[in-house]
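Enquirer: Fold the following for me, if possible:
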Amino acid sequence: MEYLVVSDKVGVAAIGEGVLVMYDYNQSKKTGVPLTLKNAMLKIEKLQINE
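Expert: Now for the predicted structure:
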C-alpha cells in the first residue's frame, strides 16, 4: 500500500509504502486480512486514483 502525507505548511511531507499485517493475539500468530476489509481498501484506492 502506498501513501502520501500532505501538510498545509510544507506541501508533500512524506511518501511511502507499507505492508498491512493482521495479528491474532489470542492465537499469537498473524492471520489473514478479512475480505470485507480488503474490498473496502481497494474501493478507497480506486476512488482516489480516479479523482
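
Enquirer: now the helix-or-strand element of the chain with minimal mean pLDDT, how far from the centre of its chain.
Expert: Across the helices and strands of the chain, the lowest-confidence element by mean pLDDT, DSSP states H and E is helix 35-50, at a mean of 81. Put simply, helix 35-50 sits 9 Å off its chain's centre (Cα atoms, centre = their mean, to the nearest Å).

Enquirer: Show residues contacting that helix.
Expert: For helix 35-50, contacts defined as Cβ atoms under 8 Å, 6 or more residues apart in numbering pick out 1, 20. For every residue, glycine as well, the C-beta is placed using N, CA and C.

Enquirer: again, but for stretch 15-33
Expert: Surrounding stretch 15-33, the residues in contact under the criterion Cβ under 8 Å, 6+ apart are 1-5, 34, 41.

Enquirer: end to end, how far does it reach?
Expert: Using Cα to Cα, to the nearest Å, the end-to-end distance of stretch 15-33 comes to 24 Å.

Enquirer: where does D24 fall, phi/psi-wise?
Expert: D24 adopts backbone torsions of phi -100, psi 100, taken as degrees, to the nearest 10.

Enquirer: Let me know how buried it is, in neighbour terms.
Expert: 10 (other Cβ atoms under 10 Å).
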